[in-house]
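*Asks:* Dropping a prediction and its sequence here:
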2 protein chains.
Amino acid sequence: MNVKGTRDIYGDEARKKKEVELRVASIFEKWGFEPLYTPALEYLDLLKGKYGSEEKLIYEFQDKSGNWLGLKYDQTVPLARFVAEKDVPLPYKRYVIDRAWRYDNPQRGRYREFTQCDIDIVGPKSISADAEVIACAYEVYKSLGIDTVFKISSRKWLNNVLGNPDNKVLRAIDKYYKIGEEEVKKLIGEDKLERLKNTGPDQELNTLFNLLNKYKVKYEFDPFIVRGLDYYTGVVWEVYAGGLNLSIGGGGRYDNLIKRAGTPIPATGMAIGLSRMLELAEIKTVKPVFLAVIDREKAIEAANYLRNYFPIDMDTTDNPLRKQMEYANKKSYRWVIIVGDNITIKDMESGKQQIVTLDSVPKVIKL
Amino acid sequence: MNVKGTRDIYGDEARKKKEVELRVASIFEKWGFEPLYTPALEYLDLLKGKYGSEEKLIYEFQDKSGNWLGLKYDQTVPLARFVAEKDVPLPYKRYVIDRAWRYDNPQRGRYREFTQCDIDIVGPKSISADAEVIACAYEVYKSLGIDTVFKISSRKWLNNVLGNPDNKVLRAIDKYYKIGEEEVKKLIGEDKLERLKNTGPDQELNTLFNLLNKYKVKYEFDPFIVRGLDYYTGVVWEVYAGGLNLSIGGGGRYDNLIKRAGTPIPATGMAIGLSRMLELAEIKTVKPVFLAVIDREKAIEAANYLRNYFPIDMDTTDNPLRKQMEYANKKSYRWVIIVGDNITIKDMESGKQQIVTLDSVPKVIKL
């Protein structure tokens, strides 16, 4: 049995996950972000006091020596630890595709263990860095065939418009798309609501929007974007996919989270949730060709050759051919190559089969 | 501070890890293995009783509801759970590249959190499956420029030769390459030692060796290979890299670990440790080209174009050019493109620079 809120990913879904992660990483790299791997475990002290009321969801425990540890709750606080301790040149631009853990209430499409694809730029205080993060993420979604709008606001702007609202007010606004305008009005009052709706973006936001135009990003100014976590200090954004009233990613600026030798280092970044991408991405994955074995020695020779052209799942059961074909059928493989005295290709879709020479196989089968 | 026995991987080492994982996965797929993702957390009950004396090293704890959980200790027991519960067609061939956790004594190159690249074939009892696993792993090492020998024995063979030896004897033989022949002789007696050295491989091993010849795998029969874990039942092997007296991977057959509705399902597989591969692999990774910004709008246009050709790390600081060049230097980037009224390419190795048109940049810079 799986631990509650966790799951196995296998079959075609696993192939898709693999392919999506590959593409996401390759776009992050295209934009000059480099990989950073941080451990699953952190000392609990590091995680505490960073996430506000959400930190009750941290998986925490004592190890065999009595140290308090926690499973990482996001990719941002481990990044902050890393940059504070290691002498990496700034700006530091890293990406990560890794899991995080939250002891949350499991819901449809929401797990206690989940994968995040994050990019962050540490060092620059310039809005150019926020623009670069947003533009890179926009290309990630686009490359997967996911139509998005980036809804953008700013904690700084919010603080100015509402006169440093407390956490209660911020959390109420943050729920705008869940509970609706009337409910928010009840929670924060008509006056604050009207001010939010009628105040335009500030100069920093306008500079950002100007850069995003150059990058050809689709965005909207949205005064109701807050982001839940405590560590944001500047621009914040959420990503909405066409038609869905559901955030599929988000991020923002957090200038006070990282302190190197006591000095704060500005930073900005975002997290893209993988499971929503898996649901929405339109991509094709490749299944292996099945190599059915009558003569194993000849089959090994054929496999050695054909693996240069496509993935080969060769029989390892020594079962009779009929059983081997049943397997190929259950796996929904389209192509079967039967290796005995002859080499036969069978197209499982059309049922057609033909006898061929080994070197003509790659000409007949196109995956 | 990192949790003891864990570490961050960054910079060129992270690039190398990324590249090695990509290549390993692509070879696993070429051999028809499909990806399977299992969670980091398992119910502790599942992990207990599988690893013998090693199971004292499991990271275990109670979650907020009082359930006992453990971090996965290897990739094999989670696979066994998966196959027992899910109705996947057999043979089931999966690969996984994921972390495992052991509360072990950290040593050079040995961590409490480490990455394993595993392949397994579940279903066939035929030695053909063992051969396929070994041959696939052999190609993985070869593709990374790592010269290996697979040292192979068999638990079945050992049991026959020594008349079902107890765990104490097995563990003594397993230490042969650590403590030497004299020490093993003291522990198991001259008689048993001589029998091991003078008994040739059995028929099953000879069948395996014959297949491995077909695959062109470099292997040796080695009577002192046992493998530590309790779950092995048949053929076992360890991989040694040229010159190193150190196992860099290993595996074997475990026919009793997986039980579907009470019925045992045969299986075989192996784990390749990633950190040793990282030390030994001879591969080149690509660093980004740095795009220094004088005119940001023009720079964004140039980046939009050039990212089709190579990874671009564009300045996001708005710092003066001198500071931007210092950054490129600290990052050991070879190529810098400066975008202002003109486009200038600077080769940081030779110090040479030239003014070019945007579309000629990909002709000048070859990564």
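*Replies:* Cool, the structure landed. Numbers count the residues shown, from 1 in each chain, chains lettered A, B, ... in the order given.
*Asks:* what does the stretch 151-300 of chain A put close to chain B?
*Replies:* Contact residues, the stretch 151-300 of chain A versus chain B (C-beta under 8 Å from any C-beta of the partner chain): A:211, A:214-216, A:288, A:290, A:293, A:296-297, A:300. C-beta: built from backbone N, CA, C; applies to glycine.
*Asks:* if you set the cut-off to 7 Å instead, what comes out?
*Replies:* Proximity of the stretch 151-300 of chain A to chain B is assessed by C-beta under 7 Å from any C-beta of the partner chain, with A:211, A:214-215, A:288, A:296-297, A:300 identified as the residues in range.
*Asks:* Put the buried members of those into a PyMOL selection.
*Replies:* Selecting the buried subset of those in PyMOL, with 16 or more other C-beta atoms under 10 Å in any protein chain shown as the burial test, is done by:
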select buried, chain A and resi 211+214+215+288+296+300
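*Asks:* separation between the nearest residue to A:Gly340 once chain neighbours are set aside and A:Ile121?
*Replies:* Taking C-beta to C-beta, 6 or more residues apart in numbering or on different chains, and ignoring the residues beside it in sequence, A:Gly340 has A:Ile294 as its nearest neighbour in space, at 3.1 Å. With distances taken as C-beta to C-beta, to the nearest Å, A:Ile294 is found 58 Å from A:Ile121.
*Asks:* check which helix or strand covers whichever residue of the stretch 51-200 of chain A sits closest to chain B.
*Replies:* Of the stretch 51-200 of chain A, the residue with the smallest distance to chain B, taken as C-beta to the nearest C-beta, is A:Phe61 at 3.2 Å. With the criterion set as DSSP states H and E, the secondary-structure element containing A:Phe61 is strand A:60-62.
*Asks:* Parallel or antiparallel, list what pairs with that strand.
*Replies:* Using DSSP bridges, the neighbouring strands of strand A:60-62 in the sheet come out as strand A:68-71 (antiparallel).
*Asks:* next one: the strand holding A:Phe61 to chain centre, how far?
*Replies:* Taking C-alpha atoms, centre = their mean, to the nearest Å, one finds strand A:60-62 lying 27 Å from the centre of the chain it belongs to.
*Asks:* mean confidence score for that strand?
*Replies:* Per-residue confidence for strand A:60-62 averages out to 96 on the pLDDT scale.
*Asks:* With stretch A:199-208 instead?
*Replies:* 97.
*Asks:* now do stretch A:308-317
*Replies:* Rounded to a whole number, the mean pLDDT of stretch A:308-317 is 97.
*Asks:* Then stretch A:6-22?
*Replies:* On average, the pLDDT along stretch A:6-22 is 96.
*Asks:* Stretch A:127-136 now?
*Replies:* For stretch A:127-136, the mean per-residue pLDDT is 98.
*Asks:* ok, and the closest non-adjacent residue to the closest residue to chain B within the stretch 251-367 of chain A?
*Replies:* Of all residues in the stretch 251-367 of chain A, A:Asp313 sits closest to chain B, with a separation of 2.8 Å (C-beta to the nearest C-beta). Distances taken as C-beta to C-beta, 6+ apart place B:Gly32 nearest to A:Asp313, at 2.8 Å, with adjacent residues excluded.
*Asks:* quick one: that neighbour is in a strand?
*Replies:* No: counting by DSSP: H, G, I helix; E, B strand; the rest coil, B:Gly32 is not part of a strand but coil.
*Asks:* residues touching it, list them.
*Replies:* The contact partners of B:Gly32, taken as C-beta atoms under 7 Å, 6 or more residues apart in numbering or on different chains, are A:288, A:311-314, B:93.
*Asks:* count of neighbours near A:Val286?
*Replies:* Residues within reach of A:Val286, counting by other C-beta atoms under 10 Å in any protein chain shown, total 11.
*Asks:* Identify the residue spatially nearest to it, adjacent ones excluded.
*Replies:* Setting aside the residues directly before and after it, A:Val286 is nearest to A:Leu367 in space (C-beta to C-beta, 6+ apart), at 5.2 Å.
*Asks:* element containing that neighbour, please.
*Replies:* Element membership for A:Leu367, per DSSP H and E: none, as it lies in no helix or strand.
*Asks:* now do A:Trp237
*Replies:* Element membership of A:Trp237, judged by DSSP H and E, is strand A:235-241.
*Asks:* For that strand, buried residues please.
*Replies:* Residues A:235-241 are the ones in strand A:235-241 that count as buried (16+ other C-beta under 10 Å).
*Asks:* From chain B, how far off is A:Ser26?
*Replies:* Distance, A:Ser26 to chain B, using C-beta to the nearest C-beta, to the nearest Å: 9 Å.
*Asks:* just to revisit the earlier point, what are the contacting residues of the strand holding A:Trp237?
*Replies:* By C-beta under 7 Å, 6+ apart, the residues outside strand A:235-241 that reach it are A:130, A:134, A:141, A:146-155, A:208, A:225-227, A:247-253, A:280.
*Asks:* Past that strand, which element shows up next along the chain?
*Replies:* The first helix or strand that comes after strand A:235-241 along the chain, using DSSP H and E, is strand A:247-253.
*Asks:* Does anything pack onto the helix or strand following that next one? Which helices or strands?
*Replies:* Using DSSP H and E, the helix or strand that follows strand A:247-253 in sequence is strand A:258-260. The elements that strand A:258-260 packs onto, with contact taken as 3 or more C-beta pairs under 7 Å, 6 or more residues apart in numbering or on different chains; DSSP states H and E, are helix A:76-85.
*Asks:* and the nearest residue to the residue of the stretch 51-200 of chain A closest to chain B once chain neighbours are set aside, how many neighbours does it have?
*Replies:* Setting aside the residues directly before and after it, A:Phe61 is nearest to B:Phe61 in space (C-beta to C-beta, 6+ apart), at 3.2 Å. B:Phe61 sits with 18 neighbouring residues when counted by other C-beta under 10 Å.
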